[in-house]
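>>> The amino acid sequence is not available; the structure is as follows:
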Ligand SMILES: Nc1nc2c(ncn2[C@@H]2O[C@H](COP(=O)(O)OP(=O)(O)OP(=O)(O)O)[C@@H](O)[C@H]2O)c(=O)[nH]1
Ligand SMILES: [Mg+2]
């Protein structure tokens, strides 16, 4: 059995759950709970455990998607997720500048913990006040355009767009030969 | 290209950091207010940057031209300043032109530039407002609406992030940045090899301990300083682009508590045993290596199914 495991991460409301639901062939286990604290200002419910999604190519080849909770405690969740995925999509809501610094902090943390290939997925680019990819890259601290991970616009509510984003990640895996034989 | 937003959600020092990191040129329009639901304008500023450096500040709500400022200091006769207003300058700052003509000294230009930047330092004390940044090239700019204000420039400049460092050192009202202070459990990591400017002793101590491992709380203990003071200095260094905050990697000491929560969480995900393995089993499982042919099959599958 061959399984490709992909993590979907990002700050609160970036679109992780929507991303996994857009493409999963199974109903995504609902771990949404009523949001509290600062999160409640952004949305009414938030993910409290992993969103698990699956796509079956055939009896021997499967794709797994793991969407993380957006409220970070930098705790055990990350310790399980990070060493076990082959690559991850880091989602950023481009219309919410108040979250950019938290995104940078999370990205710093991920990059420190792992060399696992990643791509940056920019969501909410259709929303008012959305920032341009270059400015998002700079606020994330990705100053050098030659060494930064690939950046792609993605509409998490659209399965075609989500598929394009996953294809880019897989192409990145093929390029980096991290964990590839 | 434009960037717009509210200071409440993207603070002034963060904005300066972005302009500096991106070596951006253009005009930042800043409208400041005393409170979010107060419609009264405290000020309207046009701040110009050239390749990430601040070159001039124009106070639109209380406008006094650079020429008028020079005149009021008695540094130029009325005759010359009248002539200057109608002079068609080549594309250089007024200050550089006057210095070249030996009409003003470098010290005088420094003093004028300091008066301009002093207005920017005050903006760090303002809690709310909105901003709009237009990227504008300083090379052969023909757009009349966005004409480069050469007559308002002294020829002096300062890095945008250096302004933040200077301003935050003098900051009185920390309420504005209270929710931006890095958490006490975070460490700092260096972003550059060497600081680009002189640091004060406390900043040096933080700089030397910025190794991604020691939390701010531990640093405060080590150097015997109040935690809040350390957090404030850390924020200055972050906004100055010298270091960044880094959540420290968590290594569970009590594995029992952790693995209980882990297994509960995993049960929520799926009952199959092919999902993520727990930290405990990591050594045995490791991430399975992937075949190129498998990855190519995934790409083809995604293309055909969601094409
Ligand atoms: N317009 C627009 N809406 C989007 C996009 N991506 C996601 N959304 C919406 O954003 C909202 C938040 O999405 P979620 O999927 O719940 O976000 P999340 O990252 O799982 O949030 P947490 O679990 O709380 O961290 C939902 O209403 C989505 O429909 C996008 O690209 N454009
Ligand atoms: Mg979610």
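Arrived safely. What you are looking at is a predicted structure, and each value in this text was computed from that prediction instead of being measured. Numbering: from 1, shown residues only, chains lettered A, B, ... in the order given. Ligands and ions are numbered 1, 2, ... in the order given.

>>> How many neighbouring residues does residue B:208 have?
Residues within reach of residue B:208, counting by other Cβ atoms under 10 Å in any protein chain shown, total 12. Every residue, glycine included, has its C-beta placed from N, CA and C.

>>> got it, and residue B:242?
By the criterion of other Cβ under 10 Å, residue B:242 has 23 neighbours.

>>> Quick check: chain neighbours aside, which residue is closest to it?
Spatial nearest neighbour of residue B:242, excluding adjacent residues (Cβ to Cβ, 6 or more residues apart in numbering or on different chains): residue B:195 at 5.6 Å.

>>> what helix or strand is the one you found on?
Under the criterion DSSP states H and E, no helix or strand holds residue B:195.

>>> And the pLDDT for it?
Reported pLDDT at residue B:195 in the predicted model: 94.

>>> residues from chain A in reach of ligand 1?
A:10, A:12-18, A:43, A:46-47, A:69-70, A:123-124, A:126-127, A:155-157 (Cβ under 6 Å from any ligand atom).

>>> what's the spacing between the closest residue to residue B:20 other than its chain neighbours and ligand 1?
Spatial nearest neighbour of residue B:20, excluding adjacent residues (Cβ to Cβ, 6+ apart): residue B:160 at 3.9 Å. As judged by Cβ to the nearest ligand atom, to the nearest Å, residue B:160 and ligand 1 stand 31 Å apart.

>>> For residue B:160, the count of nearby residues, please.
Neighbours of residue B:160 under the rule other Cβ under 10 Å: 27.

>>> That one: what's it in contact with?
Applying Cβ atoms under 8 Å, 6 or more residues apart in numbering or on different chains, we find residue B:160 in contact with B:16-17, B:19-20, B:49, B:52-54.

>>> how about these in JSON lines, adding pLDDT and secondary structure?
As requested, the contacts of residue B:160 are exported to JSON lines (pLDDT from 0 to 100; DSSP: H, G, I helix; E, B strand; the rest coil):
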{"residue": "B:16", "pLDDT": "97", "secondary structure": "helix"}
{"residue": "B:17", "pLDDT": "97", "secondary structure": "helix"}
{"residue": "B:19", "pLDDT": "97", "secondary structure": "helix"}
{"residue": "B:20", "pLDDT": "97", "secondary structure": "helix"}
{"residue": "B:49", "pLDDT": "98", "secondary structure": "strand"}
{"residue": "B:52", "pLDDT": "97", "secondary structure": "coil"}
{"residue": "B:53", "pLDDT": "98", "secondary structure": "strand"}
{"residue": "B:54", "pLDDT": "98", "secondary structure": "strand"}
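
>>> Most neighbours of all those, which one?
Within those, most neighbours by other Cβ under 10 Å means residue B:16, with 29 neighbours.

>>> And the nearest residue in space to it that is not next to it in sequence, how far from residue A:125?
Nearest non-adjacent residue to residue B:16, counting by Cβ to Cβ, 6+ apart: residue B:160, 4.1 Å away. Residue B:160 sits 26 Å away from residue A:125, taking Cβ to Cβ, to the nearest Å as the criterion.

>>> and what of residue B:77?
Taking Cβ to Cβ as the measure, residue B:77 falls 56 Å from residue A:125.

>>> Residue A:112 reaches residue B:211, doesn't it?
No - assessed by Cβ atoms under 8 Å, residue A:112 is found out of contact with residue B:211, at 11.5 Å.

>>> what about the strands in chain A?
A:2-10, A:32-34, A:45-47, A:51-58, A:61-67, A:87-93, A:118-123, A:151-153 (DSSP state E).

>>> Tell me the one of the contacts of residue B:160 nearest ligand 2?
Within those, proximity to ligand 2 (Cβ to the ion) peaks at residue B:17, which comes in at 29.0 Å.

>>> where's the closest one relative to residue B:205, distance?
Residue B:17 sits 22 Å away from residue B:205, going by Cβ to Cβ.

>>> repeat for residue B:84
The gap separating residue B:84 from residue B:205 is 49 Å, by Cβ to Cβ.

>>> Give the residue from the two that has the larger number of neighbours.
Comparing residue B:84 with residue B:205 by other Cβ under 10 Å, the one with more neighbours is residue B:84, at 20 against 17.

>>> end to end, how far does stretch B:95-109 reach?
One end of stretch B:95-109 sits 7 Å from the other (Cα to Cα, to the nearest Å).

>>> so what strands line up beside the helix or strand that contains residue B:129?
Take DSSP H and E as the rule and residue B:129 turns out to sit in strand B:128-135. Applying DSSP bridges to the sheet, strand B:128-135 is found paired with strand B:2-6 (antiparallel), strand B:26-33 (antiparallel).

>>> How many neighbouring residues does residue B:174 have?
Residue B:174 has 14 nearby residues by other Cβ under 10 Å.

>>> about what we covered before: out of the residues of chain A next to ligand 1, which end up buried?
Among the residues of chain A next to ligand 1, the ones that count as buried by 16 or more other Cβ atoms under 10 Å in any protein chain shown are A:10, A:12-18, A:46-47, A:69-70, A:123-124, A:155-156.

>>> Quick check: the two most widely separated of the residues you listed?
Farthest pair in those (Cβ to Cβ) is A:69 and A:155. Separation: 21.7 Å.

>>> Pass me the low-pLDDT residue ranges in the stretch 201-307 of chain B, would you?
Residues of the stretch 201-307 of chain B that meet the criterion pLDDT under 70 lie in B:249-287.

>>> Identify the residues contacting residue B:156.
With contact taken as Cβ under 8 Å, 6+ apart, residue B:156 is in contact with B:55, B:95, B:109-110, B:112-113.

>>> hmm, try it at 10 Å
Residue B:156 sits next to B:53-56, B:93, B:95-96, B:106, B:109-114, B:116-117 when contact means Cβ atoms under 10 Å, 6 or more residues apart in numbering or on different chains.

>>> Make a ChimeraX selection of the buried ones in the residues you listed.
Only the buried entries of the contacts of residue B:156 go into this ChimeraX selection, using 16+ other Cβ under 10 Å:
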select /B:53,54,55,56,93,95,96,109,111,112,113,116,117
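
>>> wait, which of the contacts of residue B:156 is closest to residue A:86?
For the contacts of residue B:156, the residue nearest residue A:86 by Cβ to Cβ is residue B:53; the value is 43.1 Å.

>>> so how many other residues sit close to the closest residue to that closest one other than its chain neighbours?
Leaving aside its sequence neighbours, residue B:53 sits nearest to residue B:157 (Cβ to Cβ, 6+ apart; 4.0 Å). Using other Cβ under 10 Å, residue B:157 is surrounded by 19 other residues.

>>> Likewise for the one 5 residues further on?
In terms of burial, residue B:162 registers 17 neighbours under the definition other Cβ under 10 Å.

>>> My guess is it contacts residue B:17. True?
No - shown here, residue B:162 and residue B:17 do not form a contact pair, counting by Cβ atoms under 10 Å, at 11.0 Å.

>>> what residues are shared contacts of the two?
B:240-241.

>>> what's the strand or helix carrying residue B:222 packed up against?
Here residue B:222 sits within helix B:216-223, counting by DSSP H and E. For helix B:216-223, the elements it packs on are strand B:186-190, helix B:201-208, strand B:211-215, helix B:227-239, judged by 3 or more Cβ pairs under 10 Å, 6 or more residues apart in numbering or on different chains; DSSP states H and E.

>>> 8 Å - rerun?
Counting by 3 or more Cβ pairs under 8 Å, 6 or more residues apart in numbering or on different chains; DSSP states H and E, the packing neighbours recorded for helix B:216-223 are strand B:186-190, helix B:201-208, helix B:227-239.
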